[in-house]
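Take a look and give me a structure for this.
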Amino acid sequence: QVQLVESGGGLVEDGGSLRLTCEASGVAFDSYAMGWFRQAPGKEREWVGSISWRDETTRYADSVKGRFTISRDSAKTTVYLQMNNVKPEDTAVYYCGVGRRKFYFPTRVSEFSTWGQGTEVTISS
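Numbering: from 1, shown residues only. Okay, the predicted model is just below:
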């Protein structure tokens, strides 16, 4: 059974930084792309970015490109989301997800098969 546990959320000032962590278990970590998406109050879930299963290729939504970085540690089966120069519009619950199938690179929320309980991020202006 796949389990994803996100942590690291909190309250940060506009322009600050935050690092989110997603610990994965029950998944062949080196065979699945991982990613992050978010949901702001009253809005639909939005894909943030993804990282491939092996060569650490990454892609990001335009809204976070140049500010957010995804990385992964296979030994720890953990994925990270480094958030720099955050803005109030980054306020949301952030979720970590697993790609829908092996060797598949998700770039939409619908392309993730499993996600965690989320961690809340609030950016104060």
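
Look up the closest residue to Pro3, ignoring the ones flanking it.
You called it Pro, but residue 3 is Gln. Distances taken as Cβ to Cβ, 6 or more residues apart in numbering put Ser25 closest to Gln3, at 4.8 Å, once the chain neighbours are dropped. To be clear about C-beta, it is placed using only N, CA and C from the backbone, and glycine gets the same treatment.

What residues does the one you found make contact with?
Applying Cβ atoms under 8 Å, 6 or more residues apart in numbering to Ser25 gives the contacts Val2, Gln3, Thr77.

okay, it: pLDDT?
Confidence at Ser25, expressed as pLDDT, is 95.

And the next helix or strand past the lowest-mean-pLDDT helix or strand in the chain?
One helix or strand of the chain scores below all others by mean pLDDT, DSSP states H and E: strand 112-115, with a mean of 89. Using DSSP states H and E, the next helix or strand after strand 112-115 towards the C-terminus is strand 119-124.

Which parts of that next one count as buried, going by neighbours?
Within strand 119-124, the residues that count as buried by 16 or more other Cβ atoms under 10 Å are Thr119, Val121, Ile123.

Got the phi and psi for the residue positioned nearest the centre of the chain?
By Cα atoms, centre = their mean, the chain has its centre lying nearest to Trp36, at 2.2 Å. In terms of degrees, to the nearest 10, the main-chain angles of Trp36 are phi -130, psi 140.
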